[in-house]
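S.K.: What shape does this take:
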Amino acid sequence: MPDVSGASVRGLRQVAYFDCPGGGQVVVDGSIACIAHMKAPHGTSVVDVRDPASPRLLASLDVPPGTHSHKVRAANRLMLVNREGHGGDARKEAGGLLVFDLSDPSRPRELAFWRCGGLGVHRFTFDGRYAYISPELEGYVGNIVMILDLADPARPQEVGRWWMPGQWTGGGETPTWSGRQHRCHHPIRLGDRLYVSYWHGGFVILDIADMAKPRLVSGLDWSPPFITPTHTALPVPFPLQGRRVLLVADEDVAKLEPGPPSFLWLVDITDERRPTPFASFQVEGVDGEPQPEFTGCHQPSERVTGTEIPVAWFAHGLRIVDIARPHAPREVAHFLPPVPEGSTRVSSNDVCVDDRGLIYLIDRGRGLHVLERV
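M.R.: Numbering: from 1, shown residues only. Model (predicted):
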């Protein structure tokens, strides 16, 4: 049994701990876990998890100074990683999206580097054919929405793009917000819709029945009055009590002013033209007192297989939130790991669930925990 001394655990069991540099994202495709790291020179680790109790490093990729590759997706033996300028010596010329062949996971082979301007690509999703990305492009303020076709993974092709009116300064538009506050964080596809978090611009729902011409269906922005930006807009792929529901996670960073940590919203999108917030979840014991950044909500698992939603909750670790009664979401399990070496507190940054139902939790500072529900 891996050492979990110092952890607070309810309803979960640790299967393994894999020591690695801090990560921004973890995804599992089959028996391969891909970990995207926060800081150079560490780029991406490829890990064999066929035996989940004994994760084994197969390959690691480095990145140049002034950049990071902190996001990763894998499907159909392809691995996509972002490249983004990062830190005080951020390199804008190095930004974009890299595509690797994972036919031999121990030897990832670069197929393409799709380059863009600005700081590069932030978060994105990938369905095995299309990548839904958030690039910075010349002539725009902040990241926009773009769809890339990877039918030929060695030659990614733009299919369509969308931006919030005001972002295209090169086309004469004028933003009504300050700096890069309204920018695409990442798009998530369900059917012919993209659900796109837009930072301090809230979220938007886009119709992509015609991928070449994404069309705005609706949007909702609650920042301000709420102080934290919108990180993820995740559609629940089945009805809850006859309603269609969107889970919206605000991220506990970039606060407009000092204040309490962020939380998870539930939004009714049965009438997608009028998204309506109707419930929320916050970790028990959190009050309205100001807290430092990286305390509250961050990221739910984007693979939704039931009503129990694993959520990476920064300093509060992993929270399993049951939304079976959507008006009254409740915590049914949690895992607060020990503070990792080199850190002053936990910073659970991302979580995913594999085909076996195992849960993978990556810390922003150090280490990956493999967990199972009990």
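
S.K.: Need the nearest residue in space to Asp252, chain neighbours excluded.
M.R.: Gly296 (3.7 Å; CB to CB, 6 or more residues apart in numbering). C-beta: built from backbone N, CA, C; applies to glycine.

S.K.: did I read that right, that neighbour in a strand?
M.R.: No - counting by DSSP: H, G, I helix; E, B strand; the rest coil, one finds Gly296 to be coil, located in no strand.

S.K.: phi, psi of it?
M.R.: Torsion angles at Gly296 (phi, psi; degrees, to the nearest 10) stand at phi -100, psi -150.

S.K.: OK, contacts around it?
M.R.: Residues in contact with Gly296 (CB atoms under 8 Å, 6 or more residues apart in numbering) are 228, 250, 252, 260-263, 282-283, 286, 313-316.

S.K.: May I ask which of those residues has the most neighbours?
M.R.: Neighbour count (other CB atoms under 10 Å) singles out Trp313 as the most crowded of the contacts of Gly296, with 32 neighbours.

S.K.: Just confirm that residue contacts Val283, I think it does.
M.R.: Yes - the criterion here is CB atoms under 8 Å, and Trp313 meets it with Val283 at 6.3 Å.

S.K.: list residues touching both of these two?
M.R.: With CB under 8 Å, 6+ apart as the test, Trp313 and Val283 both reach 296, 319.

S.K.: how close does the closest residue to Ala209 other than its chain neighbours sit to Met146?
M.R.: With sequence-adjacent residues excluded and distances taken as CB to CB, 6+ apart, Ala209 is closest to Asp192, at 4.3 Å. Distance of Asp192 to Met146, given as CB to CB, to the nearest Å: 17 Å.

S.K.: just Gly172 next, same as before
M.R.: Where Met146 is concerned, Gly172 sits at a distance of 21 Å (CB to CB).

S.K.: Those two: who's more crowded?
M.R.: A side-by-side neighbour count of Gly172 and Met146, using other CB under 10 Å, places Met146 first with 25 against 6.

S.K.: Show the contacting residues for the more buried one.
M.R.: Going by CB under 8 Å, 6+ apart, Met146 touches 132-135, 137, 158, 160-161.

S.K.: Now, of those residues, which are buried?
M.R.: By neighbour count, with 16 or more other CB atoms under 10 Å, those hold 132-135, 137, 160-161 as buried.

S.K.: Which single one of those is nearest to Ala112?
M.R.: Nearest to Ala112, judged by CB to CB, of those is Ile133 at 13.2 Å.

S.K.: Please name the nearest non-neighbouring residue to the closest one.
M.R.: Ile133 sits nearest to Phe124 (CB to CB, 6+ apart), 4.0 Å away.

S.K.: so what strands line up beside the strand or helix carrying Arg13?
M.R.: Element membership for Arg13 (DSSP states H and E) is strand 12-21. Next to strand 12-21 in the sheet, as set by DSSP bridges, lie strand 366-373 (antiparallel).

S.K.: For the strand it pairs with, which residues meet the burial criterion?
M.R.: For strand 366-373, a neighbour-count test (16+ other CB under 10 Å) marks 366-371 as buried.

S.K.: contacting residues around that strand?
M.R.: For strand 366-373, the external contacting residues (CB under 8 Å, 6+ apart) are 11-23, 26, 33, 35, 47, 49, 52-53, 55, 308, 318, 320, 333, 335, 337, 340-343, 357-363.

S.K.: mind checking how far Pro64 is from Asp221?
M.R.: 36 Å.

S.K.: For these two, work out which one has more neighbours and name it.
M.R.: The neighbour comparison of Pro64 against Asp221 (other CB under 10 Å) goes to Asp221, with 17 against 12.

S.K.: Give me the spatial nearest neighbour of that one, chain neighbours excluded.
M.R.: Gly202 (3.0 Å).

S.K.: mind listing what the one you found touches?
M.R.: Applying CB under 8 Å, 6+ apart to Gly202 gives the contacts 219-223, 230.

S.K.: Return the entry from the residues you listed with the maximum number of neighbours.
M.R.: Among the contacts of Gly202, the one with the most neighbours (other CB under 10 Å) is Thr230, at 26 neighbours.

S.K.: Where does Glu93 sit: helix, strand or coil?
M.R.: Secondary structure, three-state DSSP: Glu93 is helix.

S.K.: and the gap between it and Trp265?
M.R.: As judged by CB to CB, Glu93 and Trp265 stand 37 Å apart.
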